[in-house]
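> Let's see this in three dimensions:
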Amino acid sequence: MFRLLSIVHITSPDPFPSPSGFDSSKVTPGAVGGLVFLGLTFAVVVLLFSFNRHMKRVSFEESED
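Numbering: from 1, shown residues only. Predicted structure coming up:
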């Protein structure tokens, strides 16, 4: 088992990209990311209210056997 793992480790590609002029520590989501997050949050809240309203309309009648 250890031999198989060592072979896979040796033949696997490097997990990190090649170095370039791109500084990944300065990457931020920005305004677009914030707007997408707010939009998704609003959609989840609307869906929760809709779900709650529909669940109030359902009548759970237990049948006696």
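> drop to CA atoms for contacts and neighbour counts, all remaining ones
Will do.
> can you map out the helices along the chain?
With DSSP state H as the criterion, the chain has helices at 2-11, 30-57.
> count of residues packed around E61?
Around E61 sit 6 other residues, with neighbours defined as other Cα atoms under 10 Å.
> circling back: out of the helices of the chain, which gets nearest to D23?
Ranking the helices of the chain by their distance to D23 (criterion: Cα to Cα) puts helix 30-57 first, at 15.6 Å.
> averaging pLDDT over each of the helices of the chain, which comes out lowest?
Ranked by mean pLDDT, the helices of the chain end with helix 2-11 at the bottom, a mean of 63.
> how far away is L48 from E61?
When distance is defined by Cα to Cα, to the nearest Å, L48 is 24 Å away from E61.
> For F60, give me phi and psi.
For F60, the backbone dihedrals are phi -100, psi 100 (criterion: degrees, to the nearest 10).
> mind checking how far it is from L47?
When Cα to Cα is the yardstick, F60 and L47 sit 22 Å from each other.
> When these two are compared, which one has more neighbours?
For F60 and L47, the more surrounded residue by other Cα under 10 Å is L47, and the numbers stand at 12 against 7.
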